[in-house]
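Got a predicted model here, sequence first, then my questions.
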Amino acid sequence: MKASKYLFYISQNYSFEILRPLQQEILSQGSQVAWFVAGSDVNLSNFAADEVVLNSVADVISFNPVASFVPGNIIPRFIPGIKVQVFHGLEWKKKGHFVIRDCFDLYCTHGAATTNHFNELANQHKFFDVKETGWPKLDNLFNTPKEQYFSNNLPTILFAPTFSPTLTCAPFLYEEITALVHDKKYNWLIKFHPKMDTKWLELYAQLSSENLKIITSSNINSLLQSADIMVSDTSSVIGEFALLGKPVIAFNNSQPGDYLINFTDAKELPHALTVALSPSEALILAINRYAQELHPYRDGKSSFRILEAVEDITLNGKQAIKTLPRNIIRNLKQRKILNYWKF
């Protein structure tokens, strides 16, 4: 591939784990990467000393990337380059996953669960392309080693609820998890979404003990590898865990399938844990079927395929017959947020 410049346009801390495998692939090809932070939610200390960070929109325009990659929902039209949606999660059930915001030239989808519907949307809107590439974050998932979080050999449960007030299980399972922690039959790893209500962050933090740890690192791959089962709701991390062939217990999942142990009464949690720790053959088969539909790639080359898709557009143009909509109102709002008024 031709040496090129690429931009990572980010607004949340989870972007680092998603985009760093893509950065590694770009650098290995002799190309350049620069990061740009929109908003104030990113912890700037997460940047490595050798990562290039651009401080203003003017710097981004001067950098002039051939493509800008976004693990979020929006990128302004005035940011240069082919605008590429790489997504911030695998969970297609969440409200907004298939909303077209008129921002992207290319959607890099993960598997049939998302590709098929985005292809339908592409035929409808006619201004963006869709390419199934896999998700860059998962390039390192399958070779990430387990980490020893506890000094015992008890089963380890990863509790990873989403933050959405209408979907999160954190309030409903607090009492049951508290009782289970005191029983000391399991180890608990708890990973909250960055946007989780601070009330629940504080309450669960009080449960910290020799067999419960709150994990604040944005690097989740080691958690997924280290846990035996997961308890969640409709979080995007469910799909990532399922790719490892492990059981997931879901509280009030918005679209429960046979690959989940779904329950609707908090008091059923202890029984669900017992079922998950001795999964049936039918459950394991269902998990593997779902994983294949969600993200069939296990080769660690999703980043490579993304760059191939971008290069194809660079050389041959989009298949879509229309240009991106002007999106005047949204772009004016972004100019105000980013304090950029040069036209």
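Cool, the structure landed.

Go ahead and confirm Asn221 touches Phe142.
No - counting by CB atoms under 8 Å, Asn221 does not reach Phe142; the two are 9.1 Å apart. The way it works is simple: take the backbone N, C-alpha and C, and place the C-beta from them, glycine included.

what about those two, which has more around it?
Asn221 (19 against 14; other CB atoms under 10 Å).

Quick one: residues contacting that one.
Shown in contact with Asn221 (CB atoms under 8 Å, 6 or more residues apart in numbering): 17, 140-141, 144.

next one: Ile82
Taking CB under 8 Å, 6+ apart as the test, what Ile82 contacts is 66-68, 105-106, 310, 313-314.

quick one: which of the residues you listed is most hemmed in?
Counting neighbours by other CB under 10 Å, Leu106 leads the contacts of Ile82 with 26 neighbours.

Give me the spatial nearest neighbour of His88, chain neighbours excluded.
Nearest residue to His88, sequence neighbours excluded (CB to CB, 6 or more residues apart in numbering): Pro71, at 4.5 Å.

ok, the one you found - how many residues close by?
25.

these two touch, right, it and Arg20?
No - the pair Pro71 and Arg20 does not pass the contact test of CB under 8 Å, sitting 11.1 Å apart.

Please flag which of the contacts of Ile82 sit within strands.
In strands, defined here by DSSP state E, the members of those are 67-68, 106.

Please save the CA atoms from stretch 212-228 in PDB.
Output in PDB follows, covering the C-alpha atoms of stretch 212-228 (Å, rounded to 0.1, in the frame of the first residue of the first chain):
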ATOM      1  CA  LEU A 212     -14.200  -8.100  44.100                       C
ATOM      2  CA  LYS A 213     -12.200  -5.600  42.100                       C
ATOM      3  CA  ILE A 214     -13.400  -2.500  40.300                       C
ATOM      4  CA  ILE A 215     -11.400  -2.200  37.000                       C
ATOM      5  CA  THR A 216     -10.900   1.300  35.700                       C
ATOM      6  CA  SER A 217      -8.500   0.600  32.900                       C
ATOM      7  CA  SER A 218      -9.900   1.100  29.400                       C
ATOM      8  CA  ASN A 219      -8.100  -2.100  28.300                       C
ATOM      9  CA  ILE A 220     -10.800  -4.700  28.500                       C
ATOM     10  CA  ASN A 221      -9.300  -7.600  26.500                       C
ATOM     11  CA  SER A 222      -7.500  -9.100  29.500                       C
ATOM     12  CA  LEU A 223     -10.700  -8.900  31.500                       C
ATOM     13  CA  LEU A 224     -12.500 -10.800  28.800                       C
ATOM     14  CA  GLN A 225      -9.800 -13.500  28.700                       C
ATOM     15  CA  SER A 226      -9.600 -13.800  32.500                       C
ATOM     16  CA  ALA A 227     -13.300 -14.100  33.300                       C
ATOM     17  CA  ASP A 228     -15.100 -17.500  33.200                       C
END
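
Next, the buried residues of that stretch.
Across stretch 212-228, burial judged by 16 or more other CB atoms under 10 Å covers 212-215, 218, 220-228.

Least confident of these?
Lowest pLDDT among the buried residues of stretch 212-228: Ser218, with 74.

Grab the nearest non-local neighbour of that one.
Asn13 (4.7 Å).

In the helix or strand bottoming out on mean pLDDT in the chain, which residues are buried?
For the chain, counting by mean pLDDT, DSSP states H and E, helix 328-338 ranks last in confidence among helices and strands (a mean of 85). Using 16+ other CB under 10 Å as the test for burial, helix 328-338 gives 330-331, 334-335, 338.

ditto for stretch 107-117
107-111, 113-115.

what do you get for stretch 17-36?
Buried residues in stretch 17-36 (16+ other CB under 10 Å): 17-23, 25-26, 31, 33-36.

how far does that stretch stretch from start to finish?
Across stretch 17-36, the terminal residues are separated by 15 Å (CA to CA, to the nearest Å).

starting at the chain centroid, how far to it?
From the chain centre to the centre of stretch 17-36 is a distance of 17 Å (CA atoms, centre = their mean, to the nearest Å).

List the contacts of it.
Residues contacting stretch 17-36 (CB under 8 Å, 6+ apart): 1, 3-10, 47, 51-54, 57, 59-60, 63, 65, 69, 71, 79, 86, 88, 135-137, 139-140, 218-221, 300, 302-304, 306-307.
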